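In: sharing a model prediction with you, sequence too.
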Amino acid sequence: MLRVGACQTPEILGDVDAALRCMEGFAREADQQGVELLLFPECFLQGYLVQERHLDAHAMDLRSASFGALLRRLDPIGQTLVFGVIERREGRYFNSAVVVGGGELLGIYRKVHLMPGESLFTAGED
């Protein structure tokens, strides 16, 4: 049996450090409950605000040194994490979900079916 935790978080806009502290707090609580997979909302890391200025300022390339540092910070967390990221790749923005475990990026899902208000994002392909 797999114990899954879904986190209802406060809205955090443009403050990755605060989002990481929030994740770490939920992970500590989840440890006490035996949770193995911890889920966070869409665009959680940088905040769900689909405005060009916000995307440009906060989108993150998942191949960057800053994302690598984020993975190292999450390494001590025992659960596998799934969290939303505003991803920048090759000049485009994606509404992505990443799977992270043991300080490594295990998977990426780029949202395929975008809503009308998400026109600044590029749809994923699979």
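Out: Perfect, thanks for sending it.

In: going forward, measure contacts and count neighbours with C-alpha atoms only.
Out: OK.

In: quick one: the helices in the chain?
Out: For the chain, applying DSSP state H gives helices covering 16-32, 52-58, 65-74.

In: now the longest one: mean pLDDT?
Out: For helix 16-32, mean pLDDT is 96.

In: list the buried residues of it.
Out: Val16, Ala19, Leu20, Cys22, Met23, Glu24, Phe26, Ala27, Ala30 (16 or more other CA atoms under 10 Å).

In: one step back: could you dump the helices of the chain to TSV with distance to Val99?
Out: As requested, the helices of the chain are exported to TSV (distance: least, CA to CA, whole Å):
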stretch	distance to Val99
helix 16-32	13
helix 52-58	19
helix 65-74	11
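
In: mind checking which of those is nearest Ile86?
Out: For the helices of the chain, proximity to Ile86 was assessed by CA to CA; helix 52-58 is nearest, at 7.1 Å.

In: picking that back up, and the helices of the chain: which comes nearest Gly101?
Out: Closest to Gly101 of the helices of the chain is helix 65-74 (CA to CA; 8.1 Å).

In: follow-up on the earlier one: and the buried residues of helix 16-32, which is closest to Glu87?
Out: When the buried residues of helix 16-32 are ranked by distance to Glu87 (CA to CA), Val16 comes first, at 13.1 Å.
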